[in-house]
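Undergrad: please work out how this folds:
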Amino acid sequence: MTTTSPRSTPVQATGAPAGAPAAASLGPAPARGTAPARPRRRRAAPDERERGALSVADWRRPGVRWTWRGMHGVLLVLLLVWCLGPLLLLAKYAFTPTQDILTAPMAVFPHGPTLENVDQAWNRYHIGQYFLNTVWVAFGSWFVQVLVATTGGYVLSVLRPRWARALHWAVLTTLFVPAVVLLIPLYKIVVDPPVGQSLIDNYLAVWLPAGASAFNVVLVARFFDSLPREVFEAARVDGAGPFRMFWSIVLPMSRPIVGVVSVFAVIASWKDFLWPFLVLKSETVKPLSVYLQSMANVDKGTLMAALAISTLIPVVMFLVFQRMFLRGAGLGGAVKG
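TA: Modelled structure (predicted):
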């Protein structure tokens, strides 16, 4: 005969004691082999976030808010004067008579503006001819640098052959070699090249060395690394070859970095003095940067007008491509869906 102990605990259908909490109340058990989900962190309220110099409560006070805005305005004005002051002063001197430049340099046209300085610089000293020479030098340097940078970055980042890593380190190594160290060997190569005649007084003597810029290659390669790989895989599936993929896919997506390299290339070639001074000695090919040093003893007003003309291209390049520096690589997904 079976007897039941009075101290026995009733058992539920699940086999667990009645006093114990049900397993269902704890939620479903995690599957075997999977880690339990982490609890979500509560998003901090605006007042709980790390505060800066001013808290939200301080910023709501009119006195504090207007004080900070005034400080920002003063700082902005100082930066504008620091950056634009020399350019504006140069532009003023270009249209100011020489006597006024010497007697009242900070006065705003005490005897009125004049175009005589620009006329003398353009017609008497033929600044226009040297300006066109500089444009030609800058255009060739820009073309060679963009061509080498985009194709080199395309090989290192997209094609990635077996020897790409070794080539990448070789390119990086050249960044640690000072340009002054290479000046004499490069000049000897230009004077007596292995193939052909001397490149002295030839624009190729400026264009070809400008293309050997490891910095631009590394910069473009880093940009190409950020492009979506799915686009390249889809192009390969569709039968696109390396050249078609470079011309139709990579270049259209690389407008921001091409703009940045273009600004670097044009401004660097426009203001370069030492290398053009060594290899471009003839008056027919001499750029502005080399010719201006021979105008040190001319009339000050004419010299200022020539200097103002020489700054036109860098200023225009900055105004045209300034957004390229801020746009970044936010290229909407062109992934094949």
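Undergrad: give me the phi and psi for the residue most central in space within the chain.
TA: Computing the C-alpha centroid of the chain and ranking residues by CA atoms, centre = their mean puts Val260 first, at 4.4 Å. Dihedral angles of Val260 (phi, psi; degrees, to the nearest 10) stand at phi -60, psi -50.
Undergrad: in this structure it contacts Leu219, no?
TA: Yes - contact status for Val260 versus Leu219: in contact at 7.4 Å, counting by CB atoms under 8 Å. C-beta here means a position set from N, CA and C on the backbone, and glycine is covered the same way.
Undergrad: residues contacting Pro314?
TA: Val266, Ile267, Trp270, Lys271 (CB atoms under 8 Å, 6 or more residues apart in numbering).
Undergrad: ok, for the third one, nearest residue in space, not its chain neighbours?
TA: For Trp270, ignoring the flanking residues on the chain, the nearest one in space by CB to CB, 6 or more residues apart in numbering is Ala138 at 5.2 Å.
Undergrad: what's the burial count for the one you found?
TA: 24 (other CB atoms under 10 Å).
Undergrad: repeat that for Val64.
TA: 14.
Undergrad: and it, which of the three is it?
TA: Put simply, Val64 is helix when judged by DSSP: H, G, I helix; E, B strand; the rest coil.
Undergrad: from Val74, how far out is it?
TA: Computed as CB to CB, to the nearest Å, the Val64 to Val74 distance reads 16 Å.
Undergrad: got it, and Phe246?
TA: Counting by CB to CB, the gap from Phe246 to Val74 is 50 Å.
Undergrad: which of the contacts of Pro314 are buried, as a PyMOL select command?
TA: The PyMOL selection below is limited to those of the contacts of Pro314 classed as buried (16 or more other CB atoms under 10 Å):
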select buried, resi 266+267+270
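Undergrad: out of the contacts of Pro314, which is nearest to Leu84?
TA: Closest approach between the contacts of Pro314 and Leu84, by CB to CB: Ile267, at 17.0 Å.
Undergrad: next one: the closest one from Thr114, what distance?
TA: 30 Å.
Undergrad: with Asp299 instead?
TA: Applying CB to CB, the value for Asp299 to Thr114 is 12 Å.
Undergrad: which residues do those two both contact?
TA: With CB under 8 Å, 6+ apart, Asp299 and Thr114 have no common neighbours.
Undergrad: and the residue nearest to the centre of the chain, how close does it get to Tyr130?
TA: Going from Val260 to Tyr130 by CB to CB gives 28 Å.
Undergrad: how about Leu76?
TA: Taking CB to CB, one finds Leu76 at 37 Å from Tyr130.
Undergrad: what of Leu251?
TA: As judged by CB to CB, Leu251 and Tyr130 stand 33 Å apart.
Undergrad: looking at these two, which is more packed in?
TA: Tyr130 (23 against 13).
Undergrad: report pLDDT for the more buried one.
TA: The model reports Tyr130 with a pLDDT of 93.
Undergrad: in TSV: the contacts of Pro314, plus secondary structure and pLDDT.
TA: Output for those, formatted as TSV (DSSP: H, G, I helix; E, B strand; the rest coil; pLDDT from 0 to 100):
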residue	secondary structure	pLDDT
Val266	helix	90
Ile267	helix	88
Trp270	helix	90
Lys271	helix	88
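Undergrad: between the contacts of Pro314, which is closest to Thr284?
TA: Nearest to Thr284 among these, counting by CB to CB, is Trp270 at 18.9 Å.
Undergrad: C-terminal to the strand or helix carrying Glu230, what's the next element?
TA: Assigned by DSSP states H and E, Glu230 belongs to helix 229-237. Later in the chain than helix 229-237, the nearest helix or strand by DSSP H and E is helix 242-245.
Undergrad: any idea how far that following helix is from the middle of the chain?
TA: Distance of helix 242-245 from its chain centroid, counting by CA atoms, centre = their mean, to the nearest Å, is 25 Å.
Undergrad: for it, buried residues please.
TA: Buried residues in helix 242-245 (16+ other CB under 10 Å): Met245.
Undergrad: stretch 179-188 now?
TA: Judged by neighbour count (16+ other CB under 10 Å), stretch 179-188 contains these buried residues: Leu186, Tyr187.
Undergrad: ends of that stretch, what's the gap?
TA: 15 Å (CA to CA, to the nearest Å).
Undergrad: quick check: mean pLDDT of that stretch?
TA: 91.
Undergrad: coming back round to it: of the contacts of Pro314, closest to Leu227?
TA: When the contacts of Pro314 are compared against Leu227 (criterion: CB to CB), the nearest one is Val266, at 24.8 Å.
Undergrad: can you name the residues that contact the closest one?
TA: Ala138, Ser141, Trp142, Ile313, Pro314, Met317.
Undergrad: Gly241 now?
TA: Residues near Gly241 by CB under 8 Å, 6+ apart: none.
Undergrad: I'd like the distance between it and Pro161.
TA: Separation of Gly241 from Pro161 (CB to CB) stands at 15 Å.
Undergrad: repeat that for Asn123.
TA: On the measure of CB to CB, Asn123 and Pro161 end up 56 Å apart.
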